[in-house]
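Student: My questions concern the predicted model and sequence given below.
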Amino acid sequence: MKNLLNRLFGKKKTMTTISIVGTGNMARGIGSRALAAGQTVQFLNRDAAKAAELASELGKGATSGSSTEAPEAGIVVLALPFDGAKDYVSANAGALAGKVLIDITNPLNFETFDSLVVPADSSAAEEIAKLVPNAQVVKAFNTTFAGTLAEGKVDGKPLDVFIAGADEARAQVAEFARNAGLRPLEVGGLHHARELEGFQLLVMAMQANPAFESFNWNTGLKILN
């Protein structure tokens, strides 16, 4: 009875659709897409002032805090480089327990754009999952670029978001992407992050290749039917 009364009359908690750790281009892109769809977003950064600046710039529905705080939302986007994402989940494993973590990283060798820095029988998502076993890691948004996320489409077609992870967590991320005006494509379990990261290696190499001058990081992957 006490727990019921607390739920009914206790202090109301802030409802945040997603928390985003990071304030870079991908954080801005994913956050902008969510806010445009009327969702709410919490931005977190080691430098809380940077998070506050981004939240203020994006406006209604955006809040901010320090990445040393526990994320408010049940879905947390790791909008960080691979090494930064590993450091963050290692330091905050307790606060992330029970949450769905979206790993957006592409673990490329950025000196050569010719290989990944994870073992061939693993992926960035699987390596992150090992560090936070009480959370559910989902791979998503690694095949979208920040520049196209603000619009949510390329050539008039909504961006496809490929999603790999356990069934329930994957479905939550798919719902979030759909609500944000994107087209979610669930590809299976987390081990399929290997194919998503490998495929994006090829795409990013083309973006960086002067032979494909018109790409300029403004393309979008699309399954047509």
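Tutor: Happy to help now that I have it.
Student: Name the helix or strand for the residue positioned nearest the centre of the chain, please.
Tutor: Taking CA atoms, centre = their mean, the centroid of the chain lies closest to Val77, which sits 3.8 Å from it. Using DSSP states H and E, the element containing Val77 is strand 75-78.
Student: Show the average pLDDT along the helix or strand just after that strand.
Tutor: Next helix or strand after strand 75-78 toward the C-terminus (DSSP H and E): helix 82-91. On average, the pLDDT along helix 82-91 is 98.
Student: Look up which residues are beta-bridged to Val154.
Tutor: Lys157 (DSSP bridges).
Student: pLDDT value on it, please?
Tutor: The predicted structure lists Val154 with a pLDDT of 87.
Student: For the remainder of this discussion, apply numbering that starts at 9.
Tutor: Noted, 9 is the first residue going forward, which turns the last one into Val162.
Student: Tell me if I'm right that it and Thr227 touch.
Tutor: Yes - counting by CB atoms under 8 Å, Val162 does reach Thr227; the two are 6.7 Å apart. Heads up, the C-betas are built off the backbone N, CA and C, glycines and all.
Student: list residues touching both of these two?
Tutor: Thr156 (CB atoms under 8 Å, 6 or more residues apart in numbering).
Student: residue ranges with poor pLDDT in this protein?
Tutor: Counting by pLDDT under 70, the low-confidence segments of the chain come to 9-23.
Student: residue contacts, the residue nearest to the centre of the chain?
Tutor: Val85 neighbours (CB under 8 Å, 6+ apart): Ile26, Ser27, Ile28, Val29, Gly30, Ala35, Ile38, Ile110, Ile112, Phe149.
Student: The third one belongs to a helix?
Tutor: No - with the criterion set as DSSP: H, G, I helix; E, B strand; the rest coil, the secondary structure at Ile28 is strand rather than a helix.
Student: in the sheet, who's paired with it?
Tutor: For Ile28, the beta-bridge partners under DSSP bridges are Phe51, Val85.
Student: what residues are up against it?
Tutor: Ala35, Ile38, Gly39, Val49, Gln50, Phe51, Leu52, Val84, Val85, Ala87.
Student: so where do the helices sit in this structure?
Tutor: 10-17, 33-44, 56-66, 90-99, 101-104, 132-139, 154-157, 175-187, 201-215 (DSSP state H).
Student: Show me what the longest one is packed up against.
Tutor: The elements that helix 201-215 packs onto, with contact taken as 3 or more CB pairs under 8 Å, 6 or more residues apart in numbering; DSSP states H and E, are helix 132-139, strand 144-147, strand 168-172.
Student: Find the one among these with the highest mean neighbour count.
Tutor: Ranked by mean neighbour count under mean count of other CB atoms under 10 Å, those are led by strand 144-147, which reaches a mean of 28.
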